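Chemist: missing the sequence, but the structure's below:
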């Protein structure tokens, strides 16, 4: 059966994204004394994630907000204001109206970006092989390598590597999480992460060393994670990417399609 995009399917896809981030941050929060200052709070339908010691939008964001949560917006603003963290709302087209968006604009919010959510019925995707690329699971003592590839792939400062290694190593052997290392010509070239819950697989992260781009590394990592999802009986695979990015293009080449484009809103 071919899945078509409905409001109900959009809720399922957004829930998968929320579950993935919640699982990740819960693991980091459980590190002794919660050094990253992780907190997760519910405001109506919305889930507000915050990480005091991890700057940037990845872990400091609000997901799942709907029209019904208009009365919660001021509480959300105060929640982040107390932490001195900018408010960032991720809004999907299935659950908000022009009235809600007008309200956000009136109180000083504006749209800054677009982000694509993609999905596929796994029965509709054919497997692909990439003979020149070796992909295996990452070992527990290799998260320094994961962090190096990740920071290089996203052009992040090298001083972030220790934190990235620690914040991902805590997920090793945690239910639902699998990390992959891709090698090209016997050299580490890329990493990929998948999270599985409730028969839905989420492409949680991926990065390629800049010097190994245009060799199919990212596509091979997508293919390997699709194969794992199939082997574990998943019905659907979900992923997120910057609109029009290479990551989005590679997911589409693998057989995924865009479910919706969400908008990112921040406060002036």
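Modeler: Now that the structure is in, tell me what you want to look at. A quick note: this is a predicted structure, and the numbers were derived from the prediction, not measured.

Chemist: At which residues are the helices of the stretch 151-268 of the chain located?
Modeler: 161-169, 217-231, 246-253 (DSSP state H, counting those that start in this stretch).

Chemist: Give me the helices and strands touching the second one, please.
Modeler: The elements that helix 217-231 packs onto, with contact taken as 3 or more C-beta pairs under 8 Å, 6 or more residues apart in numbering; DSSP states H and E, are strand 133-137, strand 177-184, strand 187-197, strand 200-208, strand 236-242, helix 246-253. (Each C-beta comes from the backbone N, C-alpha and C, glycine too.)

Chemist: Now do whichever strand or helix holds residue 113, average pLDDT.
Modeler: In the assignment (DSSP states H and E), residue 113 maps to strand 109-121. Confidence for strand 109-121, expressed as mean pLDDT, is 97.

Chemist: show me the contacts for the residue nearest to residue 219 when sequence neighbours are not counted.
Modeler: Of all residues beyond its chain neighbours, the one nearest residue 219 is residue 250 (5.0 Å), with distances taken as C-beta to C-beta, 6 or more residues apart in numbering. Going by C-beta atoms under 8 Å, 6 or more residues apart in numbering, residue 250 touches 218, 219, 222.

Chemist: Just give the nearest non-adjacent residue to residue 45, would you?
Modeler: That would be residue 66: by C-beta to C-beta, 6+ apart, it lies 4.8 Å from residue 45.

Chemist: What is the neighbour count of the one you found?
Modeler: Using other C-beta atoms under 10 Å, the number of residues around residue 66 comes to 19.

Chemist: how about it, what does it touch?
Modeler: With C-beta under 8 Å, 6+ apart, residue 66 has these contacts: 44, 45, 46, 95, 96, 100.

Chemist: any idea how far the helix or strand where residue 25 lies is from the chain center?
Modeler: Secondary structure from DSSP H and E places residue 25 in helix 7-29. Distance of helix 7-29 from the chain centroid (C-alpha atoms, centre = their mean, to the nearest Å) equals 9 Å.

Chemist: tell me the mean pLDDT over it?
Modeler: For helix 7-29, the mean pLDDT works out to 97.

Chemist: Direction included, what does the next helix-or-strand element following that helix pair up with?
Modeler: With elements assigned by DSSP H and E, the helix or strand that comes after helix 7-29 is strand 38-43. If you go by DSSP bridges, strand 38-43 pairs up with strand 46-51 (antiparallel).

Chemist: Tell me who's in contact with residue 114.
Modeler: 242, 243, 261, 262, 263, 264.
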